[in-house]
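Asks: 3D, please:
(chains A and B)
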Number of protein chains: 2
Amino acid sequence: MLPPLQNDIFLRALQCQPVPYTPVWMMRQAGRYLPEYRATRAKAGSFLQLCQTPELACEVTLQPLARFPLDAAILFSDILTIPHAMGLGLQFETGEGPVIQRPVRTAAEVSKLGVPDPHHELRYVIDAVSLIRRELQGRVPLIGFAGSPWTVATYCVEGGSSRDFAKIKGMMYDTPSTLHALLTLLTQATIQYLNAQIAAGAQAVMVFDTWGSVLTPMHYREFSLSYMQQIVEGLTRAAAGRTVPRILFTKGAGSLLSEMSDLDCDALGVDWMTDLAQARQWVGDRKALQGNLDPCVLYAKPERIKSEVARVLASYGHGPGHVFNLGHGIHPTIPPEHAAAMIKAVHELSPQYHVSP
Amino acid sequence: MLPPLQNDIFLRALQCQPVPYTPVWMMRQAGRYLPEYRATRAKAGSFLQLCQTPELACEVTLQPLARFPLDAAILFSDILTIPHAMGLGLQFETGEGPVIQRPVRTAAEVSKLGVPDPHHELRYVIDAVSLIRRELQGRVPLIGFAGSPWTVATYCVEGGSSRDFAKIKGMMYDTPSTLHALLTLLTQATIQYLNAQIAAGAQAVMVFDTWGSVLTPMHYREFSLSYMQQIVEGLTRAAAGRTVPRILFTKGAGSLLSEMSDLDCDALGVDWMTDLAQARQWVGDRKALQGNLDPCVLYAKPERIKSEVARVLASYGHGPGHVFNLGHGIHPTIPPEHAAAMIKAVHELSPQYHVSP
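Replies: Reported below is the predicted structural model:
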């Protein structure tokens, strides 16, 4: 039996329920900007080894919580665990980002792929979730996550990171059925994977659609949004007597947030290129919003960080439904004290936007 | 005396005047996807040498017109000619993009910079414009261009291309007055530079704001939009008895197009992430729109290219004020026949959207 959750402000905010202050966490909060993370990674030998060793993944997941009064923890893992489990061969080359050794570019190559069993090929992730839940001792909720099918597919087809997405877009325009087959497979895999994370203890889940915004709006609907909708529809709604909120984040969504607000999810991530007041206008009160400080604000001096935090809070305005976050992952060269200044500012400045009980 | 302009459809479309069909040109139409361009560049020795030799810049400017029935020519040059003329040291390293050897990061460094004389340090560009006008023989209009102050400043401060714009954003958040001083200088330089291009024969001008969308909307207004406004206000309105239309293009502008439509310009560029029907709704009939085929469509088969061209034309719909273009520069690996298929499709399919005279 796990101890009861002591701080559920993050989960309540995601469901637009009243909270005493705006909860805060950071994308990539367990990451390279922390010297203790770099030490654990060195011990692991490689990034992939770190992901695949539940004890070490648990260690780095908890590191930022030891430093900062964050309102949520997020599983340390990677969005490419699924293609790795499908046997596409994943490597992280220093300075180059991920490399998929056996990219998928033809109908024949897609047809050979199967849906990985989360309790077998992805067992290390599920074990990490269970272990982190035990080690968290109910302090804050744990977020599970996956990449969106479109975003994961870009790596599977391009063979790694891309600037122009030439290969996957060539496939999209010339043989859309092949791409749909790959996206369908990734969607099925992602539903099973996230449901296994929920069963193991994830108390909220987030889908990262990092590359949805390289599509035209029409193709975004067809090749990214529709598959995210299938995922949220396929997810377990409650676990251990509690709703499991679902967050979707398309970086660069802009005015497409308006269409995303029709999806069957609880919250939408917002990057810094969209003003939160504008986002709230597009989305209405249908979803909570998570974001959206420019990650580069954390290069500035702490007093400037505080004034920019104030601006983001004011931009969202009064009422529930805001989870404070960066608009993208924290950069590796940010001083940890600057992250601390941001978190402190959120906790200090946000109560005025919430009704006292 | 230059011969009269034979095809002014592009200039009329930019001013929302009636035209028999939708004019078309391509960003980077004089570029690496053409084998004849690669031959001239090899002859020049380097990209910078190609820019700096008016005869060769003229040669590559005209190459795409020899192949395709384009409705406009665009000066072959680079957005970094101004920092080069300011003495910051510009190099193009193979596969790495531009490198600024003496980046500008402090108030002291900014204070040492001066506005280059377009007829002295940038003489090679102005000479190229005159030469191209003579060689064009009035076939189609010639577009002059410059980078936006914000976009050019990113290279000056970062020292080259950037992924996260950490240095310039650090400056923006911590010492905004230094950044404003640099932007003011670049704005003055750009006005003189574009006016010199107009005096030498450029019949329309375009400002490329490639990186405006990495800013929050508030900072976009303060650090990019306001300087583009100063530029369009400072430009010569007519030359040789003809209006010189002014086009602004912020890649990734999205719903900020609505604010851009208040600027004192004639047309706005639209990337492929925004639907043209949506853009027209945001902008109204105040400006012409230029765009917006996804450059990756040109990887597809010619019949698919035609159907995507049809979709873009239908998305803009009936009436004047549309200039067909890609949503970004043509990629170096596109087969020239695919560009030809796009241009042919625009000319074939667009007359139905225009009232016959």
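Asks: CA atoms for contacts and neighbours, from now on please.
Replies: Fine.
Asks: which is the next helix or strand following the biggest helix by length in chain A?
Replies: For chain A, the longest helix by residue count, based on DSSP state H, is helix A:176-200. Next in sequence after helix A:176-200, counting helices and strands by DSSP states H and E, comes strand A:204-209.
Asks: got the angle for that following strand vs helix A:176-200?
Replies: Put simply, strand A:204-209 runs at 160 degrees to helix A:176-200, going by axes from the mean of the first three to the mean of the last three CA atoms, to 10 degrees.
Asks: who's in contact with strand A:204-209?
Replies: Applying CA atoms under 8 Å, 6 or more residues apart in numbering or on different chains, the set of residues contacting strand A:204-209 from outside is A:11, A:79, A:141-151, A:194, A:198, A:224, A:228, A:244-251.
Asks: average pLDDT across it?
Replies: Throughout strand A:204-209, pLDDT has a mean value of 98.
Asks: try stretch A:63-79
Replies: What stretch A:63-79 shows for mean pLDDT is 98.
Asks: also stretch A:242-253?
Replies: On average, stretch A:242-253 scores 97.
Asks: got the buried residues for it?
Replies: Using 16 or more other CA atoms under 10 Å in any protein chain shown as the test for burial, stretch A:242-253 gives A:V244, A:P245, A:R246, A:I247, A:L248, A:F249, A:T250, A:K251, A:G252, A:A253.
Asks: show me what the longest helix of chain A is packed against.
Replies: For helix A:176-200, the contact count by 3 or more CA pairs under 8 Å, 6 or more residues apart in numbering or on different chains; DSSP states H and E identifies helix A:81-85, helix A:107-111, helix A:123-136, strand A:142-147, helix A:149-158, helix A:166-174, strand A:204-209, helix A:226-234 as packing neighbours.
Asks: could you give the mean pLDDT of it?
Replies: On average, helix A:176-200 scores 98.
Asks: find the least confident helix or strand in chain A, judged by mean pLDDT.
Replies: Within chain A, no helix or strand scores below strand A:90-93, which has a mean of 88 by mean pLDDT, DSSP states H and E.
Asks: list the buried residues of that strand.
Replies: Residues of strand A:90-93 classed as buried by neighbour count (16+ other CA under 10 Å): A:L90, A:Q91.
Asks: taking the stretch 251-357 of chain A, what residue is nearest to chain B?
Replies: A:M273 (4.5 Å; CA to the nearest CA).
Asks: which secondary structure state is assigned to that residue?
Replies: Three-state call for A:M273 (DSSP: H, G, I helix; E, B strand; the rest coil): coil.
Asks: what sits against the nearest residue to it once chain neighbours are set aside?
Replies: With sequence-adjacent residues excluded and distances taken as CA to CA, 6 or more residues apart in numbering or on different chains, A:M273 is closest to B:T216, at 4.5 Å. For B:T216, the contacting residues are A:W272, A:M273, A:T274, A:D275, A:D294, by CA under 8 Å, 6+ apart.
Asks: wait, the third one sits on A:G254?
Replies: Read it as A:T274. Yes: using CA atoms under 8 Å, A:T274 and A:G254 qualify as a contacting pair, with a distance of 5.9 Å.
Asks: where do the contact lists of the two overlap?
Replies: Here A:T274 and A:G254 share no contacting residue, scored by CA under 8 Å, 6+ apart.
Asks: pull up the residues of the stretch 151-300 of chain A that are close to chain B.
Replies: A:164-166, A:169-170, A:173-174, A:213-217, A:254-255, A:272-275, A:294, A:296-297, A:299-300 (CA under 8 Å from any CA of the partner chain).
Asks: now with 6 Å?
Replies: For the stretch 151-300 of chain A, the contact set with chain B under CA under 6 Å from any CA of the partner chain comprises A:G170, A:Y173, A:D174, A:T216, A:W272, A:M273, A:Y299, A:A300.
Asks: isn't the first one right up against B:K301?
Replies: No: counting by CA atoms under 6 Å, B:K301 is not a contact partner of A:G170; they are 9.0 Å apart.
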